[in-house]
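*Asks:* how would this look folded up:
(one chain, ligands or ions: 1)
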Amino acid sequence: MEPVCEHQRTQVLARREGVDYVECLDCRRIFEAEDLEALPVEDDEAETA
Ligand SMILES: [Zn+2]
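*Replies:* Reported below is the predicted structural model:
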């Protein structure tokens, strides 16, 4: 079985034609930011130590 990645840690790679491309820091997959909007995303500002 493959481990399920929820892509909770991402960074923006590029922005093109109004589309943000983000990379998951955990599994290294690349998505359009719109594809991640359906997932619960926590604010980067409130990182827990
Ligand atoms: Zn991931």
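*Asks:* interface residues of this structure facing the ion?
*Replies:* For the chain, the residues in contact with the ion (Cβ under 5 Å from the ion) are 5, 7, 24, 26-27. In short, each C-beta sits where N, CA and C put it, glycine included.
*Asks:* at 6 Å what do you get?
*Replies:* By Cβ under 6 Å from the ion, the residues of the chain that approach the ion are 5, 7, 24, 26-27, 29.
*Asks:* Just the buried ones from those, in PyMOL syntax?
*Replies:* Those of these that count as buried under 16 or more other Cβ atoms under 10 Å are selected in PyMOL with:
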select buried, resi 7+24
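*Asks:* Low-confidence ranges, this structure, go.
*Replies:* Within the chain, the segments meeting pLDDT under 70 span 2, 37-49.
*Asks:* Show me the helices in the chain, by range?
*Replies:* 33-36 (DSSP state H).
*Asks:* Dead centre of it: give me the residue that sits there.
*Replies:* Taking Cα atoms, centre = their mean as the criterion, Thr10 is the residue nearest the geometric centre of the chain, at 3.6 Å.
*Asks:* so who does it touch?
*Replies:* By Cβ atoms under 8 Å, 6 or more residues apart in numbering, the contact set of Thr10 is 22-25, 31, 36.
*Asks:* What is the burial count for Val22?
*Replies:* The burial count assigned to Val22 is 20, neighbours taken as other Cβ atoms under 10 Å.
*Asks:* change the start of the numbering to 41 and stick with it
*Replies:* OK, 41 is where the count begins now, so the last one is Val62.
*Asks:* Leaving out the residues flanking it, which one is nearest to it?
*Replies:* Leaving aside its chain neighbours, Val62 sits nearest to Thr50 (4.3 Å; criterion: Cβ to Cβ, 6 or more residues apart in numbering).
*Asks:* same question, Phe71
*Replies:* Using Cβ to Cβ, 6+ apart and skipping the chain neighbours, the partner closest in space to Phe71 is Val62 (5.6 Å).
*Asks:* quick one on the thing from earlier: can you pick out the most distant pair from the residues of the chain next to the ion?
*Replies:* Within these, two members stand farthest from each other by Cβ to Cβ: Asp66 and Arg69, at 8.8 Å.
*Asks:* Common neighbours of these two, please.
*Replies:* Common neighbours of Asp66 and Arg69, using Cβ under 8 Å, 6+ apart, are 45, 47.
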